[in-house]
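> Could you work out the structure for the sequence below:
(one chain, ligands or ions: 1)
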Amino acid sequence: MIQIKDLYKVYEGNEKVEAVKGVNLTIKKGEIFGIIGASGAGKSTLIRCINLLEVPTAGQIFVDGVELTGLARRELRKARQKIGMIFQHFNLLSSRTVAENVEFPLEIVGVPKERRKKRVKELLELVGLSNRADHYPAQLSGGQKQRVGIARALANEPKVLLCDEATSALDPATTRSILKLIKEINQQLGLTVVLITHEMDVIREICDRVAVMDNGQILEVGEVNQIFVAPKSPITRELLGQVKLKLDPEILNGVGEGWVLKVIFIGPSAKEPVISQLIQRYQLTVNILAGNIKQLHDESFGELVIKVEGDENKIRQAISELLKKELKVEVLRYGSNVRAAL
Ligand SMILES: Nc1ncnc2c1ncn2[C@@H]1O[C@H](COP(=O)(O)OP(=O)(O)OP(=O)(O)O)[C@@H](O)[C@H]1O
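From the prediction side, this is the model:
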């Protein structure tokens with residue numbers, strides 16, 4: 001759906017900044033693709049190059065088979081209608097109501113009034129804001145403003161939605177509700193979503209695949225599960241480590257070296273002796289650091305935090321086996337990279 005080939009972006013100024021340096025990426029139709037990296041990694045520049053809001057210094061961008069980097073201005077304007085975008089600070093027009101903000105892109109392309117009104121109504125229903133149509137942005141919460149942003153981005157029925165740190169200004173509960181909405185839209189409309197973030201939690205929540213970016217380059221690309229289980233670059237481990245420690249800081253103190261995993265059991269798998277199987281099959285030493293079993297409706301739901309020691313490859317194989325059993329595994333700390341995780 002989206003192909004980025006040998007992309008470079010250099011900002012010329014007093015100081016020359018090479019923000020994107022030779023990026024190649026292929027994003028598939030219908031997937032939610034995340035790009036994660038620390039501040040200054042070049043994520044915003046990269047995502048803004050996809051719809052040519054930022055003109056690349058070199059390289060090519062293809063969206064749905066069309067090379068955007070080869071289009072004249074008028075054709076580009078048309079192609080851009082098929083690419084919606086939402087922003088960290090929403091970018092709503094403060095003098096227009098919610099309905100008028102959503103209507104704006106339809107006015108620009110000359111959709112007749114009656115059709116515009118009908119489309120705005122549908123869009124506000126889709127994002128759950130029908131009862132706010134006549135409010136002004138200043139009267140809305142951050143989450144509601146982002147919902148308006150999403151409705152506006154979808155007005156011209158795009159095939160791609162670009163999300164530029166769309167939840168960074170929101171609290172955790174609102175972040176989850178906006179991510180849920182993006183996921184629903186992705187599934188209902190078959191939209192391809194590209195999002196950039198500096199938060200691993202966002203990636204874990206909704207992305208199918210992720211690219212890790214640093215210093216203008218892509219360090220690794222893969223399925224989200226695979227990156228969580230076996231991150232290749234120290235930067236990825238660092239990004240993962242920060243998230244995990246934020247969740248369970250006390251667990252990692254004073255337990256010595258070794259991998260620390262949180263294993264979450266749901267349903268039938270909760271009744272299997274998976275941990276003892278693991279010890280036998282992969283000759284690992286396992287210490288239970290914390291745990292509990294809860295009953296959720298008719299199903300058991302258990303959480304165990306374990307310290308695992310042994311051969312690193314066997315630990316990775318054991319994690320893969322746990323994931324195959326449909327258990328959820330979070331790596332709280334990587335044995336060989338304790339400092340990065342801390
Ligand atoms: N318009 C600009 N002019 C000059 N330099 C810029 C411009 N925009 C970004 N940069 C520089 O390019 C580099 C990459 O910035 P970019 O905003 O793309 O990174 P980022 O990963 O999105 O970071 P953040 O999350 O902080 O926005 C940085 O060094 C930044 O200072």
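> what's near enough to touch Glu165?
By Cβ atoms under 8 Å, 6 or more residues apart in numbering, the residues touching Glu165 are Ser44, Phe87, Gln88, Ile196, Thr197, His198. In this view, the C-beta of every residue, glycine as well, is placed from N, C-alpha and C.
> The fourth one: what secondary structure?
With DSSP: H, G, I helix; E, B strand; the rest coil as the basis, the three-state label of Ile196 is strand.
> For it, give me its contacts.
Gly34, Ile35, Ile36, Gly37, Lys43, Ser44, Leu46, Ile47, Cys163, Asp164, Glu165.
> for the first one, which residues make a bridge with it?
Beta-bridge pairing of Gly34 under DSSP bridges involves Leu195, Val210.
> how near is it to Arg237?
Distance of Gly34 to Arg237, computed by Cβ to Cβ, to the nearest Å: 17 Å.
> which of those two has more neighbours?
Gly34 (27 against 19; other Cβ atoms under 10 Å).
> Quick one: name the residues of this protein near the ligand.
11, 13, 17, 19, 37, 39-45, 198 (Cβ under 6 Å from any ligand atom).
> tell me how far the helix ranked longest in the chain is from the chain's mean position?
Counting by DSSP state H, the longest helix found in the chain is helix 172-189. The chain centre lies 11 Å from the centre of helix 172-189; the measure is Cα atoms, centre = their mean, to the nearest Å.
> helices or strands next to that helix in the packing?
With contacts defined as 3 or more Cβ pairs under 8 Å, 6 or more residues apart in numbering; DSSP states H and E, the packing partners of helix 172-189 are strand 32-36, helix 142-154, strand 160-164, strand 192-197, helix 200-206.
> between it and strand 32-36, how many degrees?
140 degrees (axes from the mean of the first three to the mean of the last three Cα atoms, to 10 degrees).
> In the protein, where is pLDDT below threshold?
Across the chain, the ranges flagged by pLDDT under 70 are 228-230, 241-255, 266-272, 292-302, 326, 335-342.
> Right, I'll call it a day here.
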